[in-house]
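Student: here is my input, please return the structure:
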Amino acid sequence: MEEDPNPPKGQNQHHHLPPPNKIQMNNHKASPSPYGGGGGGSSPKRAACTFITVFLLAVGITLLVLWLVYRPHKPRFTVVGAAVYALNTTSPPLLSAALQFNVLIRNPNKRVSIYYDRFSAFVSYRNQPITQQVLLPPLFLEKHSQVSLSPVIGGTPMPVTVEVANGLAMDESYGVVGLKLVFLGRVKWKAGGLRTWHHGLYVKCDLLVGLKKGFVGQVPLLQAQACDVDL
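Tutor: Predicted coordinates:
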């Protein structure tokens, strides 16, 4: 008997399936990358962000080092002498004052120079100006240097209150008069080829001078005369 070359369906048939590992590998290759394009597209962005971060950090460290090395200290003003040529009141209350002060201005910085401009001075008594502002020449102080100024301030009668006129007469009778010398202006610092922007300058020198009514000339300073500097 001959075998039937076409056996019935469902008999002696074998289905050839790929091995399980191969199925898993194929499925893995077919699944899309969660980063899109295999993750290669994010590398330039990540590199740019890293570069910007490192650059900003380097700039910040450089500025910090420069500030620590070149940070400017305030200039120092000291009154070392005073003279009174006139300090009189009239009625109605007008006060005529002519005063001269010898002032040392020092730059304490070893690496920074200082420019002064729009520089002026006036004198007040009991918180009231008794002279007009006097314009002073611009100044340039080299590193770790000082300069001496001797401005004459006043000359024009100024209106004052009755309290100021009476207070001056009383202080002169005691022989001690409190005056305030004020400097105004702008400063900027120079370090190498770099210059800062302008800063407003306000200097207040509180003075106690020995003065009797009618005295003219050099007057003694009765307390330490270092000035307060505000920038």
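
Student: what's the domain layout of the protein?
Tutor: Domain ranges of the chain: 44-72, 76-230, per automatic domain parsing.

Student: residue contacts, Ala97?
Tutor: 84, 86-87, 123, 130-131, 153-155, 158 (CB atoms under 8 Å, 6 or more residues apart in numbering). For the C-beta atoms, the positions are set from N, CA and C on the backbone; glycine is no exception.

Student: related to what we said a few turns ago, mind putting the domains of the chain into JSON lines with mean pLDDT?
Tutor: Below are these laid out as JSON lines (pLDDT from 0 to 100):
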{"stretch": "domain 44-72", "mean pLDDT": "78"}
{"stretch": "domain 76-230", "mean pLDDT": "93"}
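
Student: where along the chain do the strands fall?
Tutor: 76-90, 94-106, 113-125, 128-129, 134-135, 139-141, 146-149, 152-154, 158-159, 176-191, 194-195, 199-210, 217-219, 228-230 (DSSP state E).

Student: quick one: closest of these to Ser42.
Tutor: strand 194-195 (40.3 Å; CB to CB).

Student: of all the strands of the chain, which lies closest to Ala169?
Tutor: The nearest among the strands of the chain, by CB to CB, is strand 76-90 at 7.1 Å.

Student: hmm, back to that, can I get the buried part of the contacts of Ala97 as one PyMOL selection?
Tutor: Restricted to buried positions by 16 or more other CB atoms under 10 Å, the PyMOL selection for the contacts of Ala97 reads:
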select buried, resi 84+87+123+130+131+153+154+158
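
Student: most widely separated two among the contacts of Ala97?
Tutor: Checking the contacts of Ala97 with CB to CB, the most distant pair is Val84 and Met158, at 15.4 Å.

Student: which of the domains of the chain sits most buried?
Tutor: domain 76-230 (a mean of 16; mean count of other CB atoms under 10 Å).

Student: gap between the two ends of it?
Tutor: End-to-end distance for domain 76-230: 10 Å, by CA to CA, to the nearest Å.

Student: turn the strands of the chain into a markdown table, including distance to Ala48.
Tutor: Formatted as a markdown table, these follow (distance: least, CB to CB, whole Å):
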| stretch | distance to Ala48 |
| --- | --- |
| strand 76-90 | 49 |
| strand 94-106 | 50 |
| strand 113-125 | 41 |
| strand 128-129 | 61 |
| strand 134-135 | 55 |
| strand 139-141 | 46 |
| strand 146-149 | 52 |
| strand 152-154 | 62 |
| strand 158-159 | 66 |
| strand 176-191 | 34 |
| strand 194-195 | 30 |
| strand 199-210 | 38 |
| strand 217-219 | 71 |
| strand 228-230 | 45 |
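
Student: just the contacts of Ala97 now: which is nearest Phe140?
Tutor: When the contacts of Ala97 are compared against Phe140 (criterion: CB to CB), the nearest one is Ile153, at 22.4 Å.

Student: you'd agree that closest one is up against Ile130?
Tutor: No. Contact between Ile153 and Ile130 fails when scored by CB atoms under 8 Å: they sit 9.5 Å apart.

Student: so what sits against both of those two?
Tutor: 97, 123.

Student: give me the longest helix you can find in this structure.
Tutor: helix 43-70 (DSSP state H).

Student: how much space between Lys110 and Asp228?
Tutor: Distance, Lys110 to Asp228, by CB to CB, to the nearest Å: 23 Å.

Student: what of Pro93?
Tutor: For Pro93 relative to Asp228 (CB to CB), the value is 29 Å.
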